[in-house]
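Peer 1: Sequence and computational prediction follow.
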Amino acid sequence: MTFFFKTIAREFLNYRRKPGLFLNPLIFFGLVVFLFVLGLGPDEAKLNQAASIFILVASLLSVLMSAESAYDQDYDEGSLELVVVSSNSLLIYSLAKSLAHWVVTFLPLILLVPFIGIGLFLDVEQIWVLCLGILLVSPTIILLASVGAAMTISLPRNGVLIGILVLPFYVPPLIFVTGLFEAALLKQNVFPYVYWLIALLFLALGLAPFATSACLRIAAED
Amino acid sequence: MFEAVSFSLNSGDILQVCGPNGSGKTTLMRTLVGLYKNYTGCFDWDLPSPPLYLGHRPGINDNLTPRENIKWVFELNNQNIKAADIDEAIRQVGLAESAQTCCSDLSFGQKKRVALAPFCVGKNSLWIMDEPFSGIDGVGITLIEELFLKRSIWGGSIIFSSHQAIPSGLSVKKLELR
């Protein structure tokens, strides 16, 4: 457990020294949302309808953008080899890295959503539901991105490949978050969607870290 | 790649693995630390802690300072290290003035010295070092040789790969790969 917290502390230090690692995806997210809003025009109903989709798609793309650098540096510098040699658990290591990645990418994003929601004429309840949806889906997104990043770690310019590998797996979470938001718009019961998102989260939590650690081991032993 | 390699190492022994390029020196080092699994044979040792390893890539994070990087190596090995010991290691490798500088601002040779610093104060009974002399200047080479000597007297064992001729002051076993 100590190794878990020490890895997180090291990651935060790393992000603090190189703020571009988390600021660039955030700026990218803001720009994509801005472009969507410009494209849709000032129609309140249209913006209400599409809010969940473009906020989620923008967040997916910004996470994929930052996922590329999640393990690359450790691999290139040889830190990953040291972790493997030290006989510490790669599973713990990948979980700690994913948690740190979630904190620096999704936490600010979730904090931004209420302000974006106000700009898109969403009411308070819809904003809360959207925040809840992103809160529930974001760990799944990060865990899947982590698998993609670990699978392509030894390849140069792996960003596009991560997208190709991972984006198909984002379809179910995307469907449930938009379903959740639509249910909120129509004042219907949102809980079935919440339960599905929680189920997907546990599925990702149960499988993705094992896949990530296996890929990291293969890359380090290559 | 090499085959039929056999050697034994006692406490305090230093083993130099040498051979032409492509003979498998790095592969042997990586096999010993568990980074290469596609081999037949076995090695048997009873170590209280994993070996301290220096690979081709030194494992130095550019965004961290030498002090933070050294601390991380010990954290990986589950060893508690005092701040004073880290400072002493940094002093020994000649980086006292760069202790608070991010490693991205250091040269390759200086980063290699950061990677060598844990060897100055670590308590691991076996060191495995792949080309420790590459990218290091004359002063650094002398430093490594002194480290080897101290370690050998202390009773630690060292396996390293290098083309570098080791001065006569050190008793070094040789393993030639062909």
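Peer 2: Noted; the coordinates are in hand. Residues are numbered from 1 along each chain as shown, chains lettered A, B, ... in the order given.

Peer 1: And whichever residue of chain A sits closest to chain B, how far from residue B:59?
Peer 2: Taking CB to the nearest CB as the measure, the point where chain A comes nearest chain B is residue A:78, at 2.9 Å. Any C-beta I mention is one placed from the backbone N, CA and C, and that applies to glycine too. Noted for residue A:78: a distance of 4 Å to residue B:59, by CB to CB, to the nearest Å.

Peer 1: quick one: what helix or strand has the residue of chain B at minimum distance from chain A in it?
Peer 2: Here the residue of chain B nearest chain A is residue B:57; by CB to the nearest CB that distance is 2.9 Å. Under the criterion of DSSP states H and E, residue B:57 resides outside all helices and strands.

Peer 1: May I have the residues that are in contact with the nearest residue to it once chain neighbours are set aside?
Peer 2: Nearest non-adjacent residue to residue B:57, counting by CB to CB, 6 or more residues apart in numbering or on different chains: residue A:78, 2.9 Å away. Contacts for residue A:78 (CB atoms under 8 Å, 6 or more residues apart in numbering or on different chains) come out as B:55, B:56, B:57, B:58, B:59, B:60.

Peer 1: Give me the ChimeraX select line for the residues you listed, limited to the buried ones.
Peer 2: This is the ChimeraX syntax for the buried subset of the contacts of residue A:78, where burial follows 16 or more other CB atoms under 10 Å in any protein chain shown:
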select /B:55,57,58,59,60
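
Peer 1: Tell me who's in contact with residue 66.
Peer 2: Let's take chain A. Contacts of residue A:66 (CB under 8 Å, 6+ apart): A:21, A:22, A:24, A:25, A:101, A:105.

Peer 1: Please refer instead to chain B.
Peer 2: Contacts of residue B:66 by CB under 8 Å, 6+ apart are B:90, B:95, B:98, B:99, B:101, B:103, B:106, B:114, B:117.

Peer 1: Mind doing that once more with 7 Å?
Peer 2: B:90, B:95, B:98, B:99, B:103, B:114, B:117 (CB atoms under 7 Å, 6 or more residues apart in numbering or on different chains).

Peer 1: for the fourth one, phi and psi?
Peer 2: Here the main-chain torsion angles of residue B:99 (degrees, to the nearest 10) amount to phi -60, psi -30.

Peer 1: ok, it touching residue B:89?
Peer 2: No. Taking contacts as CB atoms under 7 Å, residue B:99 lies outside contact range of residue B:89: 10.0 Å.

Peer 1: Between these two, tell me which one has more neighbours.
Peer 2: residue B:89 (24 against 16; other CB atoms under 10 Å in any protein chain shown).

Peer 1: C-terminal to the strand or helix carrying that one, what's the next element?
Peer 2: Using DSSP H and E, residue B:89 maps to helix B:83-92. Once the chain leaves helix B:83-92, the next helix or strand it forms, by DSSP H and E, is helix B:108-121.

Peer 1: Around chain A, which positions in chain B sit nearby?
Peer 2: Within reach of chain A by CB under 7 Å from any CB of the partner chain, chain B has these residues: B:33-37, B:50, B:53, B:55, B:57-64, B:68, B:72-73, B:75-77, B:102.

Peer 1: just the buried members of the residues you listed?
Peer 2: For these, buried by 16+ other CB under 10 Å: B:33-36, B:50, B:53, B:55, B:57-64, B:68, B:72-73, B:75-77, B:102.

Peer 1: residue nearest the centroid of the chain?
Peer 2: Picked chain A for this. By CA atoms, centre = their mean, chain A has its centre lying nearest to residue A:142, at 3.6 Å.

Peer 1: Let me rephrase: I mean chain B.
Peer 2: residue B:129 (3.6 Å).

Peer 1: And the strand or helix carrying it, what does it pack against?
Peer 2: Using DSSP H and E, residue B:129 sits in strand B:126-130. Packing contacts for strand B:126-130, counted by 3 or more CB pairs under 7 Å, 6 or more residues apart in numbering or on different chains; DSSP states H and E, involve helix B:25-32, strand B:52-54, strand B:157-161.

Peer 1: Take the ones you listed and write them to a markdown table, including mean pLDDT and distance to residue A:123.
Peer 2: A markdown table is the format used below for those (pLDDT from 0 to 100; distance: least, CB to CB, whole Å):
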| stretch | mean pLDDT | distance to residue A:123 |
| --- | --- | --- |
| helix B:25-32 | 88 | 60 |
| strand B:52-54 | 89 | 58 |
| strand B:157-161 | 89 | 67 |
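
Peer 1: So which of the ones you listed is the most surrounded?
Peer 2: strand B:52-54 (a mean of 26; mean count of other CB atoms under 10 Å in any protein chain shown).

Peer 1: May I have the predicted confidence score for residue B:152?
Peer 2: Listed pLDDT for residue B:152 reads 83.

Peer 1: For it, which non-adjacent residue is spatially closest?
Peer 2: Leaving aside its sequence neighbours, residue B:152 sits nearest to residue B:12 (CB to CB, 6+ apart; 5.0 Å).

Peer 1: Kindly report the same for residue A:126.
Peer 2: Nearest non-adjacent residue to residue A:126 (CB to CB, 6+ apart): residue A:184, at 5.3 Å.

Peer 1: quick one: residue A:172 and residue A:200 touch, right?
Peer 2: Yes. Look at residue A:172 against residue A:200 with CB under 7 Å: they come within range, at 6.2 Å.
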